[in-house]
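>>> with the input below, show me the fold.
(chains A and B, ligands or ions: 2)
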There are 2 protein chains.
Amino acid sequence: MNVLFLGTGAGIPAKARNVTSIALQLLEERKSVWLFDCGEGTQHQILHTPIKPRRIEKIFITHMHGDHIYGLPGLLGSRSFQDGKDKLTIYGPKGIKEFVMTTLTLSTTYIKYPLEIIEIEEGVIFEDDTFIVEARKLEHGIPSYGYRITEKDLPGPLLIEKLKEMNVPAGPHFQQLKQGETIILDDGRSLNGADFLGAPQKGRIVTILGDTRKCETSIELAEKADLLIHEATFGKSDDQLAYDYFHSTTEQAAKIAQEADVKKLILTHISSRYQEHHIEGLLTEARSIHPNTELANDFDLFDIVRGE
Amino acid sequence: MNVLFLGTGAGIPAKARNVTSIALQLLEERKSVWLFDCGEGTQHQILHTPIKPRRIEKIFITHMHGDHIYGLPGLLGSRSFQDGKDKLTIYGPKGIKEFVMTTLTLSTTYIKYPLEIIEIEEGVIFEDDTFIVEARKLEHGIPSYGYRITEKDLPGPLLIEKLKEMNVPAGPHFQQLKQGETIILDDGRSLNGADFLGAPQKGRIVTILGDTRKCETSIELAEKADLLIHEATFGKSDDQLAYDYFHSTTEQAAKIAQEADVKKLILTHISSRYQEHHIEGLLTEARSIHPNTELANDFDLFDIVRGE
Ligand SMILES: [Zn+2]
Ligand SMILES: [Zn+2]
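Ligands and ions are numbered 1, 2, ... in the order given. Next up is the predicted model:
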């Protein structure tokens, strides 16, 4: 489980930063990649990464601004052209379905895989055996969602050493024990799986927010997350600009991270007004409040480590 | 007057070639740039050129396939964001208006300059004092237009030497002579401007075609053009593929150039199946039929020289 930043800029593409897209790579967990937003040129960025478009299983759109959606039709078409066959699901605000269907239809783009488009409301928008995704509305002038992705706890490992000490012979019943079942051995002993499992592995929590002002909902979505990805369109001193344009500053993002008690914060959606030599300063502003903070550049990869 | 290739690939973007866009730079002629097609990432390509988005005066769309239009909404939005104020006109097939308006509206993109979108039919689609643009339908499965851009002839230069030899004093009447008027000098002599003008400068003709099979209309649009830009999605041996997918081969493009008696042919829209080492061979196929042929790479710039 790691996160690969495909675009870390704001509003319009610049040489140094493309417009927004974030790939949450779940290759070990579910052999797939989830994309968060898809600004223009996202498929171009992907060409420079190991991501295979056919591996993209879900695309979550935070909001309908162009710098977050204009890359969708191209990526969807190319995924088909490159023989993507597995179903793809897009989650996003009202309007996303009309956007995708109109662009594909007018360009006579025929998609050869099942494509589902879900216009979301607040709440749990996806759940299966391994993950839950919850969406909540932030503050951005237009509906902008934040997503809290919770990995379910994994059952603890089977305590092979303990079984060996008790002279339990290896065999298919190990698998049953691992699933917590009770088995009866040939020698008549009854063993409860629960007694032979280590502590469960805690699932990770990743919170990825759309463009937003500093708001309470962000804190709730990020509560004790292993990783929070928060926009920082502006530096600390431009808080009035941030407020006026429904964006956040470095300092505000760091305060959210602090108040939500997250392990790690990554800043993204950096305005093109900031050049290479400003970046250290922006990062310092955030780190003075939340020390474990990074600022993402295009193609940066961050592992999401399991907590203790 | 020159042509700058922003994207020379076919169908989907590749590292080496972006999807289609061609900039006809008319900086001396009208201080503006005309764009032909606008595939995804065109605004990104422009970042690496001297083109200013505010200078883009007209965008001609050849057909509605995604690789020719998906870059439009982003470019239009960025042109506004970067303080473009002058009117922009888009010409294209039926559907282009719905495509642009739907994408801009759903993304709440507010364009601060006058934007006109004209859904064209065959015929003369634009004419002013300096240029005429004619559009005709090619053969591509869906409506795909070719454009013939004709620069009007410029009046010949005033023959200053001849006037000097005749002891005509310099003055405002030089300007009248230049415009072909008849003037009477203080000494009573009557001079007809037509007698003091050199040969008119022949306007140039540039023909830019959308995706197409080899067809008669292409020859008519390209008739004696100074420059023909023709797609060559496939090499000579893949003529069956070219036919099936409504595209052309290198050889077919060269035959069109030959039959239309054009001065120069430039091939573009090259399939990503062809690697760097194939290019020389593709070019040789075309040059064996039409020697004055080039194959465009992204960011190639070609001057369009005035004929004798
Ligand atoms: Zn944004
Ligand atoms: Zn094409």
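
>>> can you give me the helices for chain A?
Secondary structure of chain A (DSSP state H): helices at A:27-30, A:42-46, A:66-69, A:72-81, A:96-106, A:160-165, A:173-178, A:216-222, A:239-244, A:250-260, A:279-287.

>>> quick one: the last one to chain centroid distance?
Which is helix A:279-287. Relative to its parent chain, helix A:279-287 has a centroid offset of 23 Å by Cα atoms, centre = their mean, to the nearest Å.

>>> list the buried ones in that helix?
A:282-283, A:285-287 (16 or more other Cβ atoms under 10 Å in any protein chain shown). The way it works is simple: take the backbone N, C-alpha and C, and place the C-beta from them, glycine included.

>>> ok, the one residue in the stretch 151-300 of chain A that gets nearest to ligand 2 - how many residues close by?
As assessed by Cβ to the ion, ligand 2 sits closest to A:D298 within the stretch 151-300 of chain A, at 27.3 Å. Around A:D298 there are 18 other residues, counting by other Cβ atoms under 10 Å in any protein chain shown.

>>> pretty sure it is touching A:T20, no?
No - contact criterion Cβ atoms under 8 Å: A:D298 and A:T20 do not qualify, at 10.5 Å.

>>> between the two, what contacts are shared?
Residues touching both A:D298 and A:T20 (Cβ atoms under 8 Å, 6 or more residues apart in numbering or on different chains): A:7-9.

>>> just the buried residues out of the residues you listed, in PyMOL syntax.
A single PyMOL command selects the buried members of those (16+ other Cβ under 10 Å):
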select buried, chain A and resi 7+8+9
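
>>> which of the shared contacts of A:D298 and A:T20 lies closest to ligand 2?
A:G7 (24.7 Å).

>>> so for the residue of chain A most remote from its centre, what's the pLDDT?
Relative to the mean C-alpha coordinate of chain A, counting by Cα atoms, centre = their mean, the farthest residue is A:D187 (49.7 Å). Here, the pLDDT recorded for A:D187 equals 90.

>>> make TSV out of the buried residues of helix A:279-287 and add pLDDT and distance to B:G66.
Supplementary listing: those in TSV, determined by pLDDT from 0 to 100; distance: Cβ to Cβ, whole Å:
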residue	pLDDT	distance to B:G66
A:L282	97	36
A:L283	97	38
A:E285	97	41
A:A286	98	39
A:R287	98	43
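
>>> got TSV for those, with distance to ligand 1 too?
What follows is those, written out as TSV (distance: Cβ to the ion, whole Å):
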residue	distance to ligand 1
A:L282	17
A:L283	20
A:E285	20
A:A286	19
A:R287	23
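
>>> of the helices of chain A, flag the one that's most buried.
With neighbours defined as mean count of other Cβ atoms under 10 Å in any protein chain shown, the helices of chain A peak in mean count at helix A:66-69, which reaches a mean of 28.

>>> what helices or strands is it leaning on?
Using 3 or more Cβ pairs under 8 Å, 6 or more residues apart in numbering or on different chains; DSSP states H and E, the elements in contact with helix A:66-69 are helix B:72-81.

>>> hmm, the helix it packs on in reach of chain A?
Yes - using Cβ under 8 Å from any Cβ of the partner chain, helix B:72-81 reaches chain A at B:73-74, B:77-78, B:81.

>>> possible to save those residues as a markdown table with distance to ligand 2 and pLDDT?
Below are those laid out as a markdown table (distance: Cβ to the ion, whole Å; pLDDT from 0 to 100):
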| residue | distance to ligand 2 | pLDDT |
| --- | --- | --- |
| B:P73 | 18 | 98 |
| B:G74 | 18 | 98 |
| B:G77 | 23 | 97 |
| B:S78 | 23 | 97 |
| B:F81 | 28 | 94 |
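
>>> contact partners for A:F81?
A:F81 makes contact with B:11-12, according to Cβ under 8 Å, 6+ apart.

>>> repeat for the one 4 residues further on
If you count contacts by Cβ under 8 Å, 6+ apart, A:K85 has them with A:54, A:112-113.

>>> contact residues of the stretch 101-250 of chain A facing ligand 1?
Selection of the stretch 101-250 of chain A residues close to ligand 1 by Cβ under 5 Å from the ion yields A:D211.

>>> nearest residue to A:R213 in space, please, no chain neighbours.
A:E139 (4.3 Å; Cβ to Cβ, 6 or more residues apart in numbering or on different chains).

>>> so who does the closest residue to ligand 2 within the stretch 51-200 of chain A touch?
Here the residue of the stretch 51-200 of chain A nearest ligand 2 is A:S107; by Cβ to the ion that distance is 10.5 Å. Counting by Cβ under 8 Å, 6+ apart, A:S107 touches A:73, A:77, B:64-66, B:69-70, B:99.

>>> would you format the residues you listed as CSV with distance to A:A135 included?
Formatted as CSV, those follow (distance: Cβ to Cβ, whole Å):
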residue, distance to A:A135
A:P73, 23
A:G77, 26
B:M64, 33
B:H65, 34
B:G66, 29
B:I69, 31
B:Y70, 27
B:F99, 29
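
>>> give the buried residues for stretch A:127-134.
A:131-134.

>>> of the residues you listed, closest to A:D244?
Distances from A:D244 to the buried residues of stretch A:127-134, taken as Cβ to Cβ, are shortest for A:E134 (29.3 Å).

>>> list the contacts of the nearest residue to the closest one once chain neighbours are set aside.
In this structure, A:E134 finds its nearest non-sequential neighbour in A:R148, 4.6 Å apart by Cβ to Cβ, 6+ apart. Going by Cβ under 8 Å, 6+ apart, A:R148 touches A:133-136, A:205-207, A:221-222, A:225.

>>> next, format these as CSV and append pLDDT.
Formatted as CSV, the contacts of A:R148 follow (pLDDT from 0 to 100):
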residue, pLDDT
A:V133, 98
A:E134, 98
A:A135, 98
A:R136, 98
A:I205, 98
A:V206, 98
A:T207, 98
A:L221, 98
A:A222, 98
A:A225, 97
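
>>> please name the nearest non-neighbouring residue to whichever residue of the stretch 201-308 of chain A sits closest to chain B.
When distances are taken as Cβ to the nearest Cβ, the stretch 201-308 of chain A reaches nearest to chain B at A:S272, 10.0 Å away. Leaving aside its chain neighbours, A:S272 sits nearest to A:A14 (4.2 Å; criterion: Cβ to Cβ, 6+ apart).
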